[in-house]
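Novice: The sequence and its predicted three-dimensional model are supplied below.
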Amino acid sequence: MASEMQTSFNDYPTTYWHQLEDGRVQCDLCPRECRLKEGQQGLCFVRACKKGEVVLTTYGRSSGFCIDPIEKKPLNHFLPGTPVLSFGTAGCNLSCRFCQNWDMSKSREMDTLADAASPAKIAQEAARLGCKSVAFTYNDPVIFHEYAVDTAIACHEQGIKTVAVTAGYISPEPRVAFFQHMDAANVDLKAFDDHFYHKLTGAHLKPVLETLVYLKEKTAVWFELTTLLIPGENDSDQELDQMSRWVVANLGPDVPMHFSAFHPDWKMRDHPPTPAATLTRARKIAMANGVRYAYTGNVHDSAGGSTWCHACGQLLIERDWYELGVWHLTAEGHCDQCGEPCAGHFAAEPGDWGAKRQPVSMR
């Protein structure tokens with residue numbers, strides 16, 4: 001669970017750890033509870049033991065900044081069509097064999113962190129560039145907890161919303177501190193089977209489900225779910241049925257579910273890409289079980305990527321990849337045909353950012 005530390009930037013004191021009787025320290029940020037000797041890093045790579053304390057070695061450093069469409073996170077019910085300033089760091093507290101962002105999340109080269117920016121600088125740039133939100137993404141923001149929280153506070157001072165794209169693998173105490181500063185989240189529910197989690201991510205399902213229930217019951221965070229469907233691993237009718245039934249029973253029918261397509265990458269190049277038909281099947285199963293907003297992702301499927309009124313069936317928000325088309329929501333976020341509310345956070349008018357991707361330099 002630990003490795004010898006090579007080098008670090010800007011060691012930043014952290015809160016969630018304690019001293020062990022044998023002289024090691026235990027990181028209490030996530031359920032891994034890495035136990036570290038002096039000079040060792042946790043599995044996440046960015047939290048390390050230095051001078052008998054756990055520090056964050058990547059505070060103020062990013063793997064790069066980019067303005068994305070909010071739908072790319074993916075969030076379909078949070079300020080649709082608007083630009084979001086996105087950034088991540090390096091490392092991850094999961095070890096997913098199918099990681100689609102492995103060049104950053106699995107990085108052990110600190111040179112990956114090429115762009116330095118303070119929380120205040122990020123907030124100021126987001127405001128200057130007209131971004132409605134800032135997203136902590138590309139790798140899991142749980143592991144750069146302190147940097148993400150400080151940035152979120154700075155963003156809120158500028159009137160900028162905050163978005164966490166996360167696997168939800170976080171312990172109860174830091175979970176509270178983290179999500180109280182987030183306005184929205186997309187949580188990867190990678191499967192509905194603990195064997196899958198243990199075999200392919202090195203983690204466990206239960207803490208993720210606990211995070212989801214916490215978000216629903218204890219916070220005002222708007223959140224959506226994403227499941228990357230891998231052929232032969234987590235795409236059976238039975239598992240999709242169990243997952244979507246659990247979501248409706250425990251989180252309610254209004255939490256959107258995104259089913260996205262796997263492509264061979266990292267350490268799972270022996271699996272085929274996900275057929276588009278698999279995503280359509282998953283969407284149908286979820287909707288049959290009462291999920292009101294289910295989406296297909298990573299494939300060209302306008303119907304599966306669009307938002308429909310669950311009451312009358314009208315097309316509410318048309319999407320062609322990340323481009324918005326027809327918009328049939330009132331200024332209050334209701335269907336303009338039957339008046340039924342559409343769950344989410346909507347502006348009076350849709351944004352027009354489209355599919356643009358704009359790199360940003362903080363220098």
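Specialist: Right, received. Where do you want to start?
Novice: Select the longest strand from this structure.
Specialist: In the chain, taking DSSP state E as the definition, the longest strand is strand 222-229.
Novice: what does the helix or strand following it contact?
Specialist: Scanning forward in sequence from strand 222-229 by DSSP states H and E, the next helix or strand is helix 237-251. Residues outside helix 237-251 that contact it (C-beta atoms under 8 Å, 6 or more residues apart in numbering): 189, 191-193, 209, 212-213, 216, 225, 227, 255, 257, 281-282, 285-286, 289-291, 294. Backbone N, C-alpha and C define where each C-beta goes, glycine included.
Novice: What is the longest strand of the chain packed up against?
Specialist: Under the contact criterion of 3 or more C-beta pairs under 8 Å, 6 or more residues apart in numbering; DSSP states H and E, strand 222-229 touches strand 184-188, helix 205-218, strand 257-261, helix 276-288.
Novice: So for the longest one, mean pLDDT?
Specialist: When pLDDT is averaged along helix 205-218, the result is 98.
Novice: Kindly report the same for the first one.
Specialist: Model confidence over strand 184-188, given as mean pLDDT, is 98.
Novice: Can you name the residues that contact the residue lying closest to Tyr295 once chain neighbours are set aside?
Specialist: Nearest residue to Tyr295, sequence neighbours excluded (C-beta to C-beta, 6 or more residues apart in numbering): His258, at 4.7 Å. Taking C-beta under 8 Å, 6+ apart, we find His258 in contact with Pro74, Asn76, Asn186, Glu224, Leu225, Thr226, Thr227, Ala294, Tyr295, Thr296, Gly297.
Novice: try 7 Å
Specialist: Pro74, Glu224, Leu225, Thr226, Tyr295, Gly297 (C-beta atoms under 7 Å, 6 or more residues apart in numbering).
Novice: Of the residues you listed, just say which sits nearest to Gln124.
Specialist: Nearest to Gln124 among the contacts of His258 is Pro74, at 26.7 Å by C-beta to C-beta.
Novice: quick one on the thing from earlier: tell me the one among the contacts of His258 nearest to Cys34.
Specialist: Nearest member of the contacts of His258 to Cys34, counting by C-beta to C-beta, is Thr226, at 26.1 Å.
Novice: Tabulate the CA atom coordinates of stretch 263-274 in PDB.
Specialist: The C-alpha coordinates for stretch 263-274 follow below in PDB (Å, rounded to 0.1, in the frame of the first residue of the first chain):
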ATOM      1  CA  HIS A 263     -12.500   1.100 -24.800                       C
ATOM      2  CA  PRO A 264      -9.400  -1.100 -24.300                       C
ATOM      3  CA  ASP A 265      -6.800   0.900 -22.200                       C
ATOM      4  CA  TRP A 266      -4.200   0.700 -19.400                       C
ATOM      5  CA  LYS A 267      -4.200  -2.900 -18.200                       C
ATOM      6  CA  MET A 268      -7.400  -4.200 -19.900                       C
ATOM      7  CA  ARG A 269      -6.500  -4.100 -23.500                       C
ATOM      8  CA  ASP A 270      -7.700  -7.700 -23.900                       C
ATOM      9  CA  HIS A 271     -11.300  -6.700 -23.600                       C
ATOM     10  CA  PRO A 272     -13.400  -5.500 -26.600                       C
ATOM     11  CA  PRO A 273     -15.000  -2.100 -26.700                       C
ATOM     12  CA  THR A 274     -18.500  -1.800 -25.400                       C
END
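Novice: Can you tell me what sits against it?
Specialist: With contact meaning C-beta under 7 Å, 6+ apart, stretch 263-274 is reached by Arg97, Phe98, Cys99, Gln100, Trp102, Leu229, Ile230, Pro231, Gly232, Ala261, Phe262.
Novice: If we use 8 Å, what do you get?
Specialist: Contacts for stretch 263-274 (C-beta under 8 Å, 6+ apart): 96-100, 102, 106, 200, 229-233, 235, 260-262, 298.
Novice: One more: stretch 30-39?
Specialist: 1-2, 4-5, 20, 23-27, 42-44, 47-52, 54, 93, 142-143, 169-171, 174, 203-204, 207.
Novice: now do the same end-to-end measure for it.
Specialist: Start-to-end span of stretch 30-39 (C-alpha to C-alpha, to the nearest Å) is 20 Å.
Novice: circling back to that earlier point, strand partners (parallel or antiparallel) of the longest strand of the chain?
Specialist: Strand 222-229 has these partner strands in its sheet, going by DSSP bridges: strand 184-188 (parallel), strand 257-261 (parallel).
Novice: how about these, which one is nearest His310?
Specialist: Closest to His310 of these, according to C-beta to C-beta: strand 257-261, at 13.1 Å.
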